[in-house]
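Undergrad: Can you look at this prediction? I've put the sequence above it.
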Amino acid sequence: MSDATADDFGALVLEIVDAIPPGQVLSYGDVAALLGSRAARAVGTVMARSGGGHPWWRVVRSGGHLPRGLEADARPHYDAEHTPLLSSSPGLGYRVDYAVAMWKPENL
DNA sequence: GTACTGACTTTTG
DNA sequence: CCAAAAGCCAGTA
């Protein structure tokens, strides 16, 4: 039978997402790259199915833009975690400052 | 086993 | 700046 260590792609994704410290973020492609894969889409799919329990808002699209429709839900979280944001307009159309918020794994 | 879908990425217009 | 198309991988039917 399988050991307690997660070998599945989805479980590994959740492990990385859960390892992202507050105030920092990673892109879907980066999470997939840490797993040695390019399945950015699979990363997002796993998060959607995971629902709550994991800081999904710390995972953004390329450039720091948020997923579709997640801006309103993620914004209060960024505000609580002091994540660096770039606002084009106050209250509308914001994005994460990926150049500053990008998390760098320590065991790289 | 194949086919379709998807919280993506990148390039081109 | 925005819009559209192709490419990519993993999960699910």
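TA: Received, thanks.
Undergrad: all contacts plus neighbour counts: C-alpha atoms, from now on.
TA: OK.
Undergrad: what's around the closest residue to DNA strand B within chain A, how many residues?
TA: Nearest residue of chain A to DNA strand B (CA to the nearest atom of the strand) works out as A:Ala48 at 2.7 Å. Neighbour count for A:Ala48, taken as other CA atoms under 10 Å: 11.
Undergrad: Show the subsequent helix or strand relative to the helix or strand harbouring it.
TA: Under the criterion of DSSP states H and E, A:Ala48 resides in helix A:40-50. Sequence-wise, the next helix or strand downstream of helix A:40-50 (DSSP H and E) is strand A:59-60.
Undergrad: which helices and strands sit right next to that next one?
TA: strand A:26-27 (3 or more CA pairs under 8 Å, 6 or more residues apart in numbering; DSSP states H and E).
Undergrad: roughly how far is stretch A:15-35 from the heart of the chain?
TA: Distance of stretch A:15-35 from its chain centroid, counting by CA atoms, centre = their mean, to the nearest Å, is 5 Å.
Undergrad: what do you get for stretch A:96-108?
TA: For stretch A:96-108, the distance to the chain centre is 11 Å (CA atoms, centre = their mean).
Undergrad: Give the buried residues for that stretch.
TA: For stretch A:96-108, a neighbour-count test (16 or more other CA atoms under 10 Å) marks A:96-98, A:101-103 as buried.
Undergrad: swap in stretch A:73-90?
TA: A:74-75, A:77-78, A:83-85.
Undergrad: likewise stretch A:39-54?
TA: A:39-40, A:42-44, A:46-47.
Undergrad: try stretch A:25-37
TA: Buried residues in stretch A:25-37 (16+ other CA under 10 Å): A:25-32.
Undergrad: a markdown table please, covering the residues you listed and showing distance to DNA strand C and pLDDT.
TA: Shown next, in a markdown table, are those (distance: CA to the nearest atom of the strand, whole Å; pLDDT from 0 to 100):
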| residue | distance to DNA strand C | pLDDT |
| --- | --- | --- |
| A:Val25 | 20 | 96 |
| A:Leu26 | 17 | 96 |
| A:Ser27 | 13 | 96 |
| A:Tyr28 | 11 | 96 |
| A:Gly29 | 9 | 95 |
| A:Asp30 | 13 | 95 |
| A:Val31 | 11 | 95 |
| A:Ala32 | 8 | 95 |
